[in-house]
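Q: this is a predicted model, with the sequence first.
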Amino acid sequence: MTDSNYPLFVTLKVEDRSVLRHVVREYSQLESSVKMISIVDPSREDVNCLSIDVSDVTEKQWEALEVAHELGHYSTQRGGNLADIADALGISKSAASQRLRAAEGKIMSAILGATQIQETETV
């Protein structure tokens, strides 16, 4: 069916997270946007799936997250400070900080909400 009212569900099993990032990046450039991310640990035999609704994250917030990630902001040996992220986005440090905090807050709320739902379903 080609009706845009129907959601598209795609399941991928990838060994390398860079492949997953590439697929999400390419899909997000289509007219539609990613509304749900499902994370599956392929090493687990029971293959539990945690679905996270990220539809509240805006396009600008996604862009800030991607830039921060690419600059190493979330790596163990942290790189990409706020000034670097702001420069890459062409915005002020304050605006970059606000975008990241807002996106991170939405994603954390979605993760915690999804894990609480999953825990109550398995009890």
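A: Noted; the coordinates are in hand. Numbers count the residues shown, from 1 in each chain.

Q: quick one: least confident helix or strand in this structure?
A: When each helix and strand of the chain is scored by mean pLDDT, DSSP states H and E, strand 36-40 comes last, with a mean of 60.

Q: let me see the ranges of the strands in the chain.
A: Taking DSSP state E, the strands of the chain run over residues 36-40, 49-53.

Q: and the longest helix anywhere in the chain, what's buried?
A: Secondary structure of the chain read by DSSP state H shows that its longest helix is helix 93-122. Buried residues in helix 93-122, counted by 16 or more other CB atoms under 10 Å: 96, 99, 100, 102, 103, 104, 106, 107, 110, 114. C-beta: built from backbone N, CA, C; applies to glycine.

Q: wait, what's in contact with the residue lying closest to the second one once chain neighbours are set aside?
A: What it means is residue 99. Once flanking residues are discounted, residue 99 sits nearest to residue 64: 4.0 Å by CB to CB, 6 or more residues apart in numbering. By CB atoms under 8 Å, 6 or more residues apart in numbering, residue 64 lies in contact with 85, 89, 96, 99, 100, 103.
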